[in-house]
Each structure stands twice: as structure tokens, then as C-alpha cells.
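**Q** Any chance you can model this:
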Amino acid sequence: MTFLSTFLISSVFIEKSEKSSSNIDLKNLGKYSNQCFGDFRQKSESEKFLRNSEKKRKKKDCETQGNSYSAAHALTFDLQSTTLFVARPTTRRQPTAQLEFFFFNFENVWFSEAEEVDLAHLLKFKNERSLLIKIPSRICEKNPVDNFVWSKTKKNQDGTVAFRHQPRYMKIELFGTSVQSLKCTDLNDIFVHKQVFEYLDYTYSIYFTSSSGEIHICDAPIRKRLDKLEKEHIKTSILPMRSITHALKVANSSGIRVTRKQMANMARGVENVVYAKTGPRSKTSMVMVRELALAYPDTLWFQHDNNNLLTDITFVQVFEENCKIFLHSCPTQDQWNDWQIKVDSIKNGSDDFRKSEIKRILGQNPTGVIFPSRLNVDVTFNLGDVYVTAILGETKTFKTMASKKPRVLPLAYMLHATKSAHNHEKFATILKETFDKLQIPSEPRKIPCFILDGEVALENYPTILDTAAVRCDVHLLSLLRYEYAGKRAVEVAKPYLFGKMVNGKWKTGLLGVFDELTFQRRLKCFESRIDPKIVDWIEKNKAMLLESASAISKLRAGHLLQFSTNNANENFNAIIKTTVSKRFPVPELIRRLNSVFQEKHRECFLSALDGSEYVYFTLDLDGLSVDDRINAYSTAGLSSPCTLALNPPLRLAERFDLQKLYKEESHCANIQFQYELDDTYHLLDTTRNGRDKFIHVAHKNHNVECWNCGSTLPDFLCCHVIFVLCRLTQYEIDSYWSYQQQKTTRKQINAFPARSGSKISDRIGSKNSAQNHVRKIAEISSITVDTAPSPSSPTSSLRSVSPPPNGSFSASTPSAMCSTPLSSSDVSSSTSYRRKSDRSRKPIRKYTPSKRNDDSTSSGDSTVF
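**A** Numbers count the residues shown, from 1 in each chain. Now for the predicted structure:
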């Protein structure tokens, strides 16, 4: 027979009552217990009590006696030795007030056994204000469900915790065994308490109150929670070797009411669950992929199964214009070799020489980056059906307006369904071929470094492109934090790895070394102060740290500052998220990504004309001639140096189709000047044959017009016009742009007024009957002719004259040949039947021929008017 310690109850009773509104007189409570029950300690020492207890113990088996607990008793009774002892909590926390122990007769009060806390037990607790219940542990949770709110966490809109209400855990000692106890308080009724602990094969729950308030019984949930046996059955017998969908069907057929969300939550703890492809279904079909293969035959690879379902897809898109700008920003091979010699001298020099030399170089380069032409690569996130890997490149010619830092341009991207290393090898190979094609033969360029995160597959890029690799320090810390040691251990190890500030001076850490011996010496100094897991990881990855994360490796790549990150990729990922806000199929995803990449290049193009709000051009071209400006733009890597050197107006440049413009300007190298005669330039196009190779461009009345290409603005300038404009003076070039601006802003004149008649059906574009459509001459297929009465024809008639199919009149249409412009009526949409009214209709003649030869607003033959 055992008793339960009042300390379990009193500790909760005191702590929770302090938070409640009612005040409890602990002193009177102790007196009341003594008056009712006397001094139980003295009684327990008497032989009579021990003899009676021994008799009662023999009458009941140990199992029944072990299940008998008394409520609110301060002493425990040992079944083996029949000695009484006070149950001592293992925690050092002492109660805030001294309570006199009060007892009930342990033979008359028992824990009632049940399978769950149902409504009958809760009503009993509401009436009696106390409840003692025990549930077998094999079917019971750690805290039995009873519809009271014992724990709850509420958060604010910004994600911070508004309040957290939860039970308090406390270890207690029962019969020499340490058990875990939960002290709970209801959220709605703070005077309702519960203490739960597990001993032997049962979970014991003690319900009590600290005031006389009304107890509110919560309604049971609509769907009953799964008990412990049902959960174990699902985890051990249903979920293994089945998918969630299949397991859900088996569970429902077995009579277990479970939802898909419950099944998915339980599947987290089962290792051998069969996970099929989850998430939304693929939106990219084989029809879409085959259409893409026709447009991109060399950069698209895909696979499908026997059911003609897409299983794998890889697409690579490289933007040569951006790659050209980046490559022209890279150092030449001679500059790179000179820098490596300088780094070797710094490495082999003394400490004083090393500090003074680095300080001198840092004064010349305050940003800490010698070559602002680094590459960044990162696998972003799953956009729709594929992942996106973007490669970014810095350029020193263009800078961001806000931060004054080198502009980062997106060079290429890859869409891939898997993160295999083979896809990255393929992407790096295509990128290398593009750089080789754009290389300058006279001054070959060298890519300084490639900034990577911790993904192993990305190490193929610096290897294939023959450049140095620099690891992102933030990703190193994240790797140690999430995969090895944890947040606290990383915070402790961070100053030892990267360094710290001591008395105003920066002391480098393990990674601030220039050789392997210093690396080993520093590691031994602090290996006992950091987590052993971090030490093991450092020893296993020592070669990688020295080659891509140490101070000497970063100095060779042109980094004077030790700390390096790939924040450029993270910022660009945020830009992509704003553009691709939901799942799209691969064709739509390609279109949206192309628009983002091309917009970044257009900002650089406009910045060369001082027309961008985000980017500015670092070269000063004021006062230079056209040839000098062409050389400057060519040095910057821009693909349209001739057009930019002509200084087009910003209003026209914003409307340029850059792809067409680049294509036309690339043809300028194939044009030869023959002679000039009567304001006409005679050119020779070497790419053409026969008479087509002779090109004539007229320069008259401030306009330059190509007789072969016609008018191409506002989309682009043809290569022949660009060639001629480069040979004109600056005044003639400015006059040409002024003429083009006036031409593009000239108002379009319509052939008909908004209203051309008096009847409702004759109103054009002003009423609902006209469907808001302004008619044009080119849309008219028949003309109504009103002939006046003559002596030979006493009655007037209406005749409909239509032009013959071939556009030429014949003898079969004499009325059309005899009609004169004065006898023609106004063009309307009225029917051609004979007017019965004697009222004469006066047409409104407001036609004004257009001064421009525009087929959309004027007719080719206006003689009928």
C-alpha cells in the first residue's frame, strides 16, 4: 500500500494559487488538517498501526496494493518494509511556504482505473472538485487528453511569441525511483490544476482546484484523437513499406478513423515509408518540351518513360552580351601573373613586411577587392518542376547607383530536375565554350575566382573554368551549425576560426594563415576550447580550408579582406522570387527568366547614355569624338558601340530592340564605302552577291534613309544607316536625331471624323451601335454612289459600285466610269435600298487627305472623293 506525497500537490497548489485571483490562508489550512487528523507521525510510530497495516497488506495482493494511492498525503508507505518515509523531490527548489501535512484515511480513497478521461469523469470532477484517476500507460499519452487547455502558444503577426502557456516538468522520488511529474494549470480556468506522473504500468492524474470558481467543461473535438495503441499499430504495421495514400486506405478499412495529415505526421518517425512524388503535379508536358527542343536544339536535354511522361529535363541559357561585359572587366593574363608574383613575395616575407605590404595595397584598394570581376554560383530553389542555377559576374565598368559597388550581371542560368553533378559539368562546359568564343586574342582575360557555397557538385565550375575557388564563410558556419555541432558550439568556435577584435586590434583566427604549419599550430592552441565535433571536421577538411578558405587562398584570388560571402546570389534569388511568384511550366519559366536577365542588361545599356536610375557608367566620355567613344564602349564590352557613340536620344533608345540592334551592328564590319554622289552614299555589302551587294543610302533634309532596308525605327537602326551616320559630323548626327524625334511624335490623322452621318447607324466610334470602332479607308470594300436626277433619268437611284477583282475597271461597269467626284455621296454604313422619303440628305464632308503616305489611314486611290 502506498501513499502520495503532498509535496507534489502543495508545490503546484502554492505556485498556481499565487497567480490566481483568490488568496489562500496556508496557516489556517495547516491548522485545519491538524485538527481533523491529529499528529499522524506519532500514530505511525505505534506498534498497533504497524500491526494493522501488516494484516491489511496480507489480505490484498501486491498488484492491487500497488495501484492504491491516497490523494493529498505527505508520506509514502513502502510495501516491502512497511516503513513510512517522506517523499523527497529531487529538485533543489523549495516551496515558498511551509504547509502542515494533512491526510486522509488511505483505506477509503483510491485511484479509479479507466481507459480514458471521458465526460463522466469530468462531470464528477466538476461536482466534487477533485478527481483521482489512473490509466494504463500502454494506452495512454504522457499527459492524458481531457479537453482542458494545459499548453498553448500564441504568436504575434511578426512571428514573435505573444505568450506561451505550458506544463512544468519536475522529477520526484517514489519508492526510491525517480519519476517525471507534470504540473499543469488550465489556460481558461487558472484555478484548475492537474498533476500527472507515471509509475510502474499506470499513468496517475490528480485533478484539484485552488479556489471555488466554476469549472467549465470544454466540448470534445469533432474528430476523436488517436490513442496510443492506434498510433503504435499504424507505425509498426500499416505505414512500413507503404505510401501514405495506401496506408490511409488500409487504416480506414481496419476501422481506424485517421486523416491524411495525421498519417503524414506519424510517417515522420517511420524510416521505411514509401514516399512517392509529392507536391503539385508537373505542369510541363511532353508537347511543351518538344516545342522547346525545336527552338533550342543544342541546349535542351530531356527524358521520358514508357508512358510518355517527362522524367528529367535540363535547359541551359547563356547571355553572350552579359558574358562579354564581364569578360572585358576581368584582368588580363599578364596582370594576373604579376599579382601572383606579388602574392608569393608577401607569403615568403617576414611578418612586418607582410603587414606593411598588405596595408599599402589596401590603401590603393579601399574595397579590399583587387579584381572586382568574380563569379558567383548557387542553386536557388525549386521553381515549378525544376531547380534554377544562376551564375552571376561582377563588372567594374558599371556600378550600382545606391551602393556604389561593382554591378553584378546575370550571365547564364540552368534549369534542371535533379541536383546531379553531371548537370553542373554540362553547364560549366557550355559556359567555358562561350568565354573562349568571346576572348580577346590580343589580350586574353583571366577569371580571378569562383565563390561557392557548401554544395559538392558546384566544385566542377572552378575546375572546368580553370580558376580559383573561394568558399563562402557564412555557409561554412551554417554547415557546422546544422550538420555537426549546433548553434551554441558554433558561436563559441567562431572567434577561433575567423578572429576577433582585442584592444582595438584584429587578431586573426585559424583561417587567417598563410601556410600549413601555422594552421596546425593554431589548431592545437584552441582545440580543447571548442567542440570536439568541430575539431574533427577541421582535421578532415584541412586541405579544402587551406585551398579555398584561408587567407592565402583568398589573397591569391584578389581578396584582401578575409571574410567573403555570396550575398549577390541571395539578393538575386529574392529578385527571381518577385518575378516568379508561383509555379509555372518550363516554357513560361524560361520566358520570365529571360525577361529578368535581359532587363538587367538593358539597364547597363541605358546607363551608357546616362539614362538608368539604378546603374551608372564609370567611364567619362565628355568631349570625345565619335571614334573615341566607339573605342571606349568597345573596351567596356558593350555589343553596340557604334550606336551608343552616336548618342541617340533616350526616348528612342528605350524603345530599341537590343537583339536586333546587336545583329545589325555586327554586320557593319562587312560594309565598304564606295563613293558619295548627290547626297547619296554608295556602299558595298561583302556578304551579298549580285546586284544586292550595292547599297544606296540617301542623306537629305536631315534624314538618312536606306533604300534597301527602308524605315526600321523605332526598333533598331539598320547597319547601312549606322555606317553612314558614323561618317557624318556631330551637327548632322544631332539633326538626324531631332528629325527622328519629330517623326515618331507626329500625330496620326484619321481619314474619317468620329461622326460621318446623321442616322444612328452612321455614327462611327461614338456610340455603342458602332462598337467603338473607328473605320479606315482600307477597310471599305464597297462605295454607295448617289446619282442626281437627269432628263434622261427622271428618278434618282442608288447604285452600289464595287471594284473588280483585279483592281481594273471594265466595260461592264459603265456607272462607275461615268460617276464624278461631285456626284459621290458620303461613305456610310446605311443600307443601299432606295430612299422613299422626299427629304434630301446632306452628307457631311470632312475628309482631309493625310500628308503622310500611310496605308493604314489613307487610300492608295482617292479619286472617288
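
**Q** which intervals of this protein have sub-threshold pLDDT?
**A** Where the chain drops to pLDDT under 70, the residues are 1-109, 221-223, 276-282, 381-382, 562, 744-865.

**Q** spatially speaking, which residue is in the middle of it?
**A** Lys577 (4.1 Å; Cα atoms, centre = their mean).

**Q** buried stuff in the lengthiest helix in the chain?
**A** Of all the segments of type helix in the chain, defined by DSSP state H, the longest one is helix 586-607. By 16 or more other Cβ atoms under 10 Å, the buried positions in helix 586-607 come out as 586-587, 589-590, 592-593, 596-598, 600-607. All C-beta spots, glycine's among them, are computed from the backbone N, C-alpha and C.

**Q** Repeat that for stretch 168-180.
**A** Those would be Met170, Ile172, Glu173, Leu174, Phe175, Val179, for stretch 168-180 by 16+ other Cβ under 10 Å.

**Q** Also stretch 298-316?
**A** Buried-residue list, stretch 298-316, by 16+ other Cβ under 10 Å: Thr299, Leu300, Phe302, Leu310, Ile313, Thr314, Phe315, Val316.

**Q** still on that earlier bit, now do the helix or strand just after the longest helix of the chain: which elements does it pack against?
**A** Per DSSP states H and E, the first helix or strand lying C-terminal to helix 586-607 is strand 615-617. Applying 3 or more Cβ pairs under 8 Å, 6 or more residues apart in numbering; DSSP states H and E, one finds that strand 615-617 contacts strand 386-400, helix 586-607.

**Q** what lines up beside strand 615-617 in the sheet?
**A** Using DSSP bridges, strand 615-617 pairs in its sheet with strand 386-400 (antiparallel).

**Q** For Phe148, give me its contacts.
**A** By Cβ atoms under 8 Å, 6 or more residues apart in numbering, Phe148 lies in contact with Cys184, Asp186, Asn188, Val192, Lys194, Cys218.

**Q** switch to 6 Å and redo it
**A** Going by Cβ atoms under 6 Å, 6 or more residues apart in numbering, Phe148 touches Asp186.

**Q** And it, how close does it get to Gly486?
**A** 35 Å (Cβ to Cβ, to the nearest Å).

**Q** quick revisit: quick one: distance of the longest helix of the chain to the chain centre.
**A** Distance, stretch centre to chain centre, for helix 586-607: 17 Å (Cα atoms, centre = their mean, to the nearest Å).

**Q** Pull the residues that contact it.
**A** Helix 586-607 has contacts (Cβ under 6 Å, 6+ apart) with 284, 288, 319, 321-322, 383-384, 398, 409-410, 413, 579-580, 612, 614-617.

**Q** Report the buried members of those residues.
**A** Neighbour counting with 16+ other Cβ under 10 Å marks 284, 288, 319, 321-322, 383-384, 398, 409-410, 413, 580, 612, 615-617 as buried within those.

**Q** quick revisit: specify which member of the buried residues of stretch 168-180 is nearest to Phe694.
**A** If you rank those by distance to Phe694 using Cβ to Cβ, Met170 comes first, at 100.1 Å.

**Q** wouldn't that closest one be in contact with Gln180 here?
**A** No: taking contacts as Cβ atoms under 6 Å, Met170 lies outside contact range of Gln180: 7.7 Å.

**Q** does the nearest residue to Glu516 once chain neighbours are set aside belong to a helix or a strand, and which?
**A** Nearest residue to Glu516 in three dimensions, chain neighbours excluded: Leu546, at 6.3 Å (Cβ to Cβ, 6 or more residues apart in numbering). Taking DSSP H and E as the criterion, Leu546 maps to helix 542-548.
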